[in-house]
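Colleague: no sequence on this one, just coordinates:
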């Protein structure tokens, strides 16, 4: 059966992603997708896209604004660009997009169907139905402006679409997963992300089946004009508001800066400790490359969690912005040199794995495993101190934001040896035998 996996509040932000970041997002998004498909298969990647917490973390690790509605547009745009050259290899196709691009979705699906032997008419119908359900059957005050359809060669798909509410300045994201989908009008969503704003008319809820049938009967027996008069009369009477079930939801705050309450600090300390502990052992050849240091391995540890982490690991998407910062300087400017090395390291590992040599890709998996094991054993700097150190070093890392290149800092950064943040060990556990 399909399931709702929760909701999230996302402030509605405008603006565009600068080209220097859009290009990097496309590259990183594509190589993360390749790594997930390599380890867990194509179906698992589709399930990840249908998970709202993972989706937000995926966008944050790419350097996008960690809490805003722009993550949806930028991530789907990056995937469309980045996966297009890999469509034959991965069997994944990203169709649709924002505004006018969404209207081309049926035509794009038909073109993919012609190449793969799928039923293009059925896919186009599914696209239109999904859009109609979230714009008409679910009347929650949000007007759709983005519709992205990710299709696999075997016919499985995910839809991610988003609506905006201009009055509240919030956006709502809707996730659909074809796996187990039996009806477009009986609990079809895998998740709905957005801020609850009063009562919601959701005719796509399976509990609304009697209402859907009654509406059809009314139209048949009374005709549309009489129905309109009845509705007008009903609106003048006070109606008791029905109770609505609360879904688990991710609350994305309005503040731009990343605060201590936004990050599970022990998990951040675990990633920093793993970079210091596993990095020199697993990435010796890479660390000898000029310019590549422990800071790059720290970023790679957070990317590794996006590839290998389980759903419960993504309750704090802000933590993943510690990998590559954010385009608006929150939590710190995007360290472009670190970002480029992360892409190069992960791309090299994926390319080697495609040739039958999994060692480097397995080393990245071991980095993630070690981070989880060290969480309970280590402590480290406060979040504010960690962000301050990143900002002080930003110029040296090629820090860049929508405001331009980051100038040299007047303050001296207190960053320990090998450019890693020092992690103070509380109690050292016995040496673990890491799984291969």
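Modeller: That came through fine. Quick caveat, the model's predicted, so the values are computed rather than measured.

Colleague: burial count for the closest residue to residue 283 other than its chain neighbours?
Modeller: Sequence neighbours aside, residue 297 is the residue nearest to residue 283 in space, at 6.1 Å (criterion: C-beta to C-beta, 6 or more residues apart in numbering). Any C-beta I mention is one placed from the backbone N, CA and C, and that applies to glycine too. When counting by other C-beta atoms under 10 Å, one arrives at 31 neighbours for residue 297.

Colleague: with residue 19 instead?
Modeller: Residue 19, neighbours per other C-beta under 10 Å, totals 8.

Colleague: got it, and residue 73?
Modeller: 23.

Colleague: which SSE is it in?
Modeller: helix 70-83 (DSSP states H and E).

Colleague: residue 331 now?
Modeller: Using DSSP H and E, residue 331 falls outside every helix and strand.

Colleague: state the distance from the closest residue to it other than its chain neighbours to residue 60.
Modeller: Spatial nearest neighbour of residue 331, excluding adjacent residues (C-beta to C-beta, 6+ apart): residue 258 at 4.0 Å. In this view, residue 258 and residue 60 are 10 Å apart by C-beta to C-beta, to the nearest Å.

Colleague: do residue 386 as well
Modeller: 16 Å.

Colleague: more neighbours, those two?
Modeller: Using other C-beta under 10 Å, the more surrounded residue of residue 386 and residue 60 is residue 60, with 30 against 21.

Colleague: where does that one land in three-state SS?
Modeller: helix (DSSP: H, G, I helix; E, B strand; the rest coil).

Colleague: in contact with it, which residues?
Modeller: For residue 60, the contact set (C-beta atoms under 8 Å, 6 or more residues apart in numbering) comprises 66, 71, 317, 318, 319, 320, 321, 323, 326.

Colleague: rerun at 10 Å
Modeller: 66-67, 71, 75, 258, 302, 306, 314, 316-326, 331 (C-beta atoms under 10 Å, 6 or more residues apart in numbering).

Colleague: swap in residue 281?
Modeller: Neighbours of residue 281 in contact, by C-beta under 10 Å, 6+ apart: 363, 366, 367, 370, 434.

Colleague: helix or strand right after the one helix or strand the third one maps to?
Modeller: Yep, that's residue 367 we're talking about. Element membership for residue 367, per DSSP H and E: helix 359-374. Following helix 359-374 in sequence order, the next helix or strand is strand 378-379 (DSSP H and E).

Colleague: what strands line up against that following strand, and which way round?
Modeller: strand 424-425 (antiparallel) (DSSP bridges).

Colleague: what mean pLDDT does stretch 353-364 have?
Modeller: Stretch 353-364 shows a mean pLDDT of 92.

Colleague: so where's the stretch 251-400 of the chain uncertain?
Modeller: In the predicted model of the stretch 251-400 of the chain, residues 251, 286, 288-292 satisfy pLDDT under 70.

Colleague: residue ranges for the helices of it, please.
Modeller: For the stretch 251-400 of the chain, the helices defined by DSSP state H, counting those that start in this stretch cover 265-282, 284-287, 294-308, 321-324, 336-354, 359-374, 383-392.

Colleague: repeat for the stretch 1-150 of the chain
Modeller: 19-40, 42-49, 52-61, 70-83, 87-90, 105-116, 120-132.

Colleague: can you redo these as TSV with distance to residue 390 and mean pLDDT?
Modeller: Shown next, in TSV, are the helices of the stretch 1-150 of the chain (distance: least, C-beta to C-beta, whole Å; pLDDT from 0 to 100):
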stretch	distance to residue 390	mean pLDDT
helix 19-40	17	98
helix 42-49	27	95
helix 52-61	15	94
helix 70-83	21	96
helix 87-90	33	97
helix 105-116	40	96
helix 120-132	40	89
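
Colleague: just to revisit the earlier point, ok, and the most crowded of the contacts of residue 281?
Modeller: Top of the contacts of residue 281 by neighbour count (other C-beta under 10 Å): residue 367, with 28 neighbours.
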